[in-house]
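Asker: Okay, sequence plus prediction incoming.
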Amino acid sequence: MKKKHVIALALCVLLIGGAAALVHLFFPKARPIRCPDSGGVISMTVGKNASKGDIPVDEGDWEELLSLLSQGRATRKWSLYDAPVNRPYYVLEIRTVERRYRYFIYKSGDWVYIELPYEGIHKGKNRLYEIISTQGENEQVS
């Protein structure tokens, strides 16, 4: 009788382990967010949705924004389009000498998301959304 229980337990462990391996194989987490060093940042702008009126981000917020971006936690959600489907969203564009970084930030329910097109979606902190939305709303007033 005990031998049957041991075999059944071993099969359950193998089944659960196999299922977990398949989930990791077919639904991998997004890669970590790549952020530039704060010393190399030339400019930061934020815009709302697909607007062309990007406004500069206050330099005093650069360090905190970069820190909050780098703290984004990878999810198993994928970004399949050039821009998020969720609206409203904010576009944070960071320019360095080497390249341009674009992050799409939006809220869905109680969660804040950082989307990198074709790379993945990360969960962010509410403080990130607060800073970005405050900067982005300045665009409407201007």
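Answerer: Perfect, I can see it now. Residues are numbered from 1 along each chain as shown.

Asker: Just checking, which helix or strand succeeds the top helix by length along the chain along the chain?
Answerer: Longest helix in the chain, counting residues (DSSP state H): helix 2-26. Under the assignment DSSP states H and E, the closest C-terminal helix or strand after helix 2-26 is strand 41-48.

Asker: same question for the helix or strand containing residue 95, mean pLDDT?
Answerer: According to DSSP H and E, residue 95 maps onto strand 89-96. The pLDDT scores in strand 89-96 average 92.

Asker: Let me see the residues that make contact with that strand.
Answerer: With Cβ atoms under 8 Å, 6 or more residues apart in numbering as the test, strand 89-96 has contacts from 35-36, 40-49, 54, 57, 65-66, 69, 83, 100-106, 115, 132-133, 135-136. Where C-beta positions appear, they are placed from N, C-alpha and C, glycine not excepted.

Asker: 6 Å instead?
Answerer: 36, 40-48, 101-106, 132, 136 (Cβ atoms under 6 Å, 6 or more residues apart in numbering).

Asker: Report the angle between that strand and strand 41-48.
Answerer: Angle of strand 89-96 versus strand 41-48, following axes from the mean of the first three to the mean of the last three Cα atoms, to 10 degrees, is 170 degrees.

Asker: partners of strand 89-96, with directions?
Answerer: Here strand 89-96 has these sheet partners by DSSP bridges: strand 41-48 (antiparallel), strand 100-108 (antiparallel).

Asker: Only C-alpha atoms, please: export the last one in PDB.
Answerer: In PDB, the C-alpha atoms belonging to strand 100-108 read as follows (Å, rounded to 0.1, in the frame of the first residue of the first chain):
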ATOM      1  CA  ARG A 100      16.600  57.000 -27.400                       C
ATOM      2  CA  TYR A 101      14.600  55.000 -24.800                       C
ATOM      3  CA  ARG A 102      10.700  54.900 -25.000                       C
ATOM      4  CA  TYR A 103       8.500  53.700 -22.100                       C
ATOM      5  CA  PHE A 104       4.800  53.600 -22.200                       C
ATOM      6  CA  ILE A 105       3.200  54.000 -18.700                       C
ATOM      7  CA  TYR A 106      -0.400  53.500 -17.900                       C
ATOM      8  CA  LYS A 107      -2.800  52.400 -15.200                       C
ATOM      9  CA  SER A 108      -5.100  49.400 -15.500                       C
END
